[in-house]
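1. Fold the following, please.
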Amino acid sequence: MKFTKLATVALATIAVSVPVAADLMFPSLSYRTGPYAAGGAPFADGYADFFTLMNERDGGIGGAKVVLEECETGFSTPKGVECYEATKNDGALLYQPLSTGMTYQLIPKATADGIPILTSGYGRTAASDGTVFPWVFNFPTNYWAGASRIINHILDNNDGSLKGKSVALLYHNSGYGKEPIRTLEALAEKHGFALTLLPVDHPGQEQKSQWLQIRRERPDFLLMWGWGVMNQVAMQEASNIRFPMENFYGIWWSGTEIDVLPGMASHGYKAANFSVVGSDFAIYDDLQKHVIDKGLAAGTGANVGSVIYNRGLYAGMVAAEAVRNAQSIHGVADITAAMMRDGLDSLNMDNAAYARNGMTGFGPEFAVTCENHGGNGMAIIQEWDGNTQSWNMISGFEAPDMELIAPLIKADAEAYAAENNITPRDC
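-> Predicted structure coming up:
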């Protein structure tokens, strides 16, 4: 294992029990600095702590030790690409860039290099089509499914009809924020509601004009695709104009503890999620014993149990399950990136897989196939309780409107294939 040092890219080897030559290397394109650090640090901590647990409790995965090579991106796409180039030759098995912008840049690079990418709940939605994107995965859900899941929840609470209603989308003016627009336009046509688009420029602190429009037009429902400070500003503005929080919904990157206001100001605000909230899972007992009590927790340890920390645990867990699957397929512990792709390509996340990791009920059951790299799109709806200052799950894992979404994914994947001279693989 050779670790690369660049003057312009900060690299850190995070995993404990690091052998001289590691068997399984996972890069972590983290962002503990910059305008989105409050969200990036908890994810990086959860991701690191999961692999530390694997090493400390189990001696690695399938007998092979894990090394996490963390590279700080500051949520900058150019720095993210630098980190990819700096780590890809160190035996990288999988990239989870945690950024839609970085994902778009890395898809052609990683595909050419033969290294899989996993973008759970973000990235390019069309990557769900495994025939066109054989090296890219975005299970268990994506932004189009998230938009549909939110609209389904609103429909369920409004007698199944939104005809004549108005829905506004307040979104980060980036590839991330624009992802759900196509689906929401199709859903608006299907269900007869008016859709208003309200872009917010990076980093999201200036939103006065958008909220003047919201106050003037008073949409029946408000959806938010935000991240970092944008969410906090939007929550304060919603409180200022007394927008009904029960009609305010966020995607999973707008549903964390740092996004809501203290007291009762955010009471009733809702968000979609693809991993559960809370720490009442067996894995937390093991984390306490093997990681936290040993002083091996990543970062300060303050993020343990938070929404985004759980999402980092989830990211590590599905990666570990893909490793186990790849090891089973190929009969070796020290797998390659190509073998890792095979493990992802036929991953079965059933209840037994969650239970094996002490995470029963932590996420939806789904199966990955050659054709379907996106899972079934299931998500929960969580709600902020101002009395207890905590998130509560108010639904189970439920499916989006795949009859509407599947053709959109197919059309976008086919267009990408045509633009890039890609012949879809025969599954």
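
2. Show me where this structure has its helices.
-> For the chain, the helices defined by DSSP state H cover 37-58, 77-87, 100-113, 143-156, 175-178, 181-191, 208-217, 229-240, 282-287, 307-330, 337-345, 351-356, 402-419.

3. okay, the ones you listed in CSV with distance to residue 198, mean pLDDT and mean neighbour count next?
-> For glycine as for every other residue, the C-beta is placed from the backbone atoms N, C-alpha and C. Below are the helices of the chain laid out as CSV (distance: least, Cβ to Cβ, whole Å; pLDDT from 0 to 100; neighbours: other Cβ atoms under 10 Å):
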stretch, distance to residue 198, mean pLDDT, mean neighbour count
helix 37-58, 21, 97, 24
helix 77-87, 24, 98, 20
helix 100-113, 19, 97, 19
helix 143-156, 15, 98, 24
helix 175-178, 10, 95, 21
helix 181-191, 11, 98, 18
helix 208-217, 5, 98, 14
helix 229-240, 10, 97, 20
helix 282-287, 39, 98, 17
helix 307-330, 24, 98, 24
helix 337-345, 36, 98, 21
helix 351-356, 38, 98, 15
helix 402-419, 22, 97, 15
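
4. burial of the residue nearest to residue 363 when sequence neighbours are not counted, as a residue count?
-> Once flanking residues are discounted, residue 363 sits nearest to residue 275: 5.1 Å by Cβ to Cβ, 6 or more residues apart in numbering. Neighbour count of residue 275, defined by other Cβ atoms under 10 Å: 25.

5. still on that earlier bit, using TSV, lay out the helices of the chain together with distance to residue 27.
-> Converted to TSV, the helices of the chain look like this (distance: least, Cβ to Cβ, whole Å):
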stretch	distance to residue 27
helix 37-58	11
helix 77-87	4
helix 100-113	11
helix 143-156	24
helix 175-178	21
helix 181-191	31
helix 208-217	36
helix 229-240	27
helix 282-287	22
helix 307-330	11
helix 337-345	11
helix 351-356	23
helix 402-419	25
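
6. Out of the ones you listed, the one nearest residue 67 is which?
-> The closest approach between residue 67 and any of the helices of the chain, judged by Cβ to Cβ, belongs to helix 37-58 at 8.2 Å.

7. quick check, distance from the closest one to the centre of its chain.
-> Chain-centre distance of helix 37-58: 15 Å, with Cα atoms, centre = their mean, to the nearest Å.

8. got a list of what the residue nearest to residue 363 touches?
-> Residue 275 sits next to 310-311, 313-314, 362-363 when contact means Cβ atoms under 8 Å, 6 or more residues apart in numbering.

9. Which among the helices of the chain is found nearest to residue 131?
-> Distance to residue 131, taken as Cβ to Cβ, is lowest for helix 402-419 among the helices of the chain, at 7.5 Å.

10. So which elements touch the closest one?
-> Applying 3 or more Cβ pairs under 8 Å, 6 or more residues apart in numbering; DSSP states H and E, one finds that helix 402-419 makes contact with helix 143-156, helix 181-191.

11. Redo these as a markdown table? Include distance to residue 96.
-> What follows is the helices and strands packed on helix 402-419, written out as a markdown table (distance: least, Cβ to Cβ, whole Å):
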| stretch | distance to residue 96 |
| --- | --- |
| helix 143-156 | 16 |
| helix 181-191 | 23 |
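
12. Kindly state which of the ones you listed is positioned closest to residue 270.
-> Among the helices and strands packed on helix 402-419, the nearest to residue 270 by Cβ to Cβ is helix 143-156 (7.5 Å).

13. okay, the angle between the closest one and helix 100-113?
-> Angle between the axes of helix 143-156 and helix 100-113 is 140 degrees (criterion: axes from the mean of the first three to the mean of the last three Cα atoms, to 10 degrees).

14. ok, residues contacting helix 143-156?
-> Against helix 143-156 from outside (Cβ under 8 Å, 6+ apart): 121-122, 125, 141, 161-162, 167, 176, 179-180, 182-184, 187, 191, 221, 223, 225, 249, 251-252, 270, 272, 374, 377-379, 381, 395, 398-402, 404-405, 408-409.

15. Report the buried members of these.
-> Using 16 or more other Cβ atoms under 10 Å as the burial test, these include 121-122, 125, 141, 162, 167, 176, 179-180, 182-184, 187, 191, 221, 223, 225, 249, 251-252, 270, 272, 374, 377-379, 381, 395, 398-401, 404-405, 408-409 as buried.

16. Look up how far residue 306 lies from residue 181.
-> Counting by Cβ to Cβ, to the nearest Å, the gap from residue 181 to residue 306 is 29 Å.

17. Tell me the gap between stretch 123-133 and the middle of its chain.
-> 15 Å.

18. and if you look at stretch 310-330?
-> Put simply, stretch 310-330 sits 15 Å off its chain's centre (Cα atoms, centre = their mean).
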